[in-house]
Every structure is written in structure tokens, then in C-alpha cells.
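A.B. asks: here is a sequence together with a model predicted from it:
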Amino acid sequence: MTVRWERVYLGSYHGFGDDGRQLAQVGDVIGPDGASQGWMVYLVHRQGELFDRYPTEEEAMAAAEAALDQP
């Protein structure tokens, strides 16, 4: 599946399908000390299914795309 990623603001991206529907969100999780705790993936149409945290936004986006390719 092709996902077009748009940066919403620093540390947050939304992924859209070919039909323009939002499919996923990727966000940087910031801890109480202000340091990044990794990137999380939220699949919009799978009722908030969350995965592990990823060290970079690219890895989180790739994980979201791989999950969206699953039936």
C-alpha cells in the first residue's frame, strides 16, 4: 500500500492513502525530562491499534506501512 506522509508539526506525521483517507499517525513520545522516548504508531481505521516504540520516524513509518499491508 502506498502511504503519503505529511508532517503536521514537529514530531508528528499523518499518513494518507491514495483515496485521501487518513490511515495512520506517527508521533514522537516525549518523556517528563523532555527527551524522546521513541516513536509510536497509531492506525486510524484499526481502532487505535498501537505497536512498539521505534527509534526514528522513518522506522515508525515503515512499521505502519507494513501493518497496513496486512489483511
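C.D. replies: Structure's in. What do you need?

A.B. asks: which stretches in the protein count as strands?
C.D. replies: Using DSSP state E, the strands found in the chain span residues 4-9, 12-16, 22-30, 36-43, 49-50.

A.B. asks: may I see the buried residues of the second one?
C.D. replies: Just to be clear, that refers to strand 12-16. Residues of strand 12-16 classed as buried: 13, 14, 15, 16 (neighbour count, 16 or more other CB atoms under 10 Å). Where you see a C-beta, it was placed from the backbone N, CA and C, and this is true even at glycine.

A.B. asks: got a pLDDT number for the third one?
C.D. replies: According to the predicted model, the pLDDT of residue 15 comes to 96.

A.B. asks: report the beta-bridge partner residues of it.
C.D. replies: When bridges are called by DSSP bridges, residue 15 pairs up with residue 5, residue 24.

A.B. asks: that one contacts residue 23, doesn't it?
C.D. replies: Yes. Between residue 15 and residue 23 a contact is recorded at 5.2 Å, counting by CB atoms under 8 Å.

A.B. asks: for those two, list the residues in contact with both.
C.D. replies: 3, 64 (CB atoms under 8 Å, 6 or more residues apart in numbering).

A.B. asks: so how far is residue 43 from residue 15?
C.D. replies: Distance from residue 15 to residue 43, counting by CB to CB, to the nearest Å: 9 Å.

A.B. asks: rewinding a little: dump the strands of the chain to JSON lines, plus distance to residue 64.
C.D. replies: Conversion of these to JSON lines gives the following (distance: least, CB to CB, whole Å):
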{"stretch": "strand 4-9", "distance to residue 64": "9"}
{"stretch": "strand 12-16", "distance to residue 64": "6"}
{"stretch": "strand 22-30", "distance to residue 64": "4"}
{"stretch": "strand 36-43", "distance to residue 64": "5"}
{"stretch": "strand 49-50", "distance to residue 64": "10"}
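
A.B. asks: below-threshold pLDDT in this protein: ranges please.
C.D. replies: 47-49 (pLDDT under 70).
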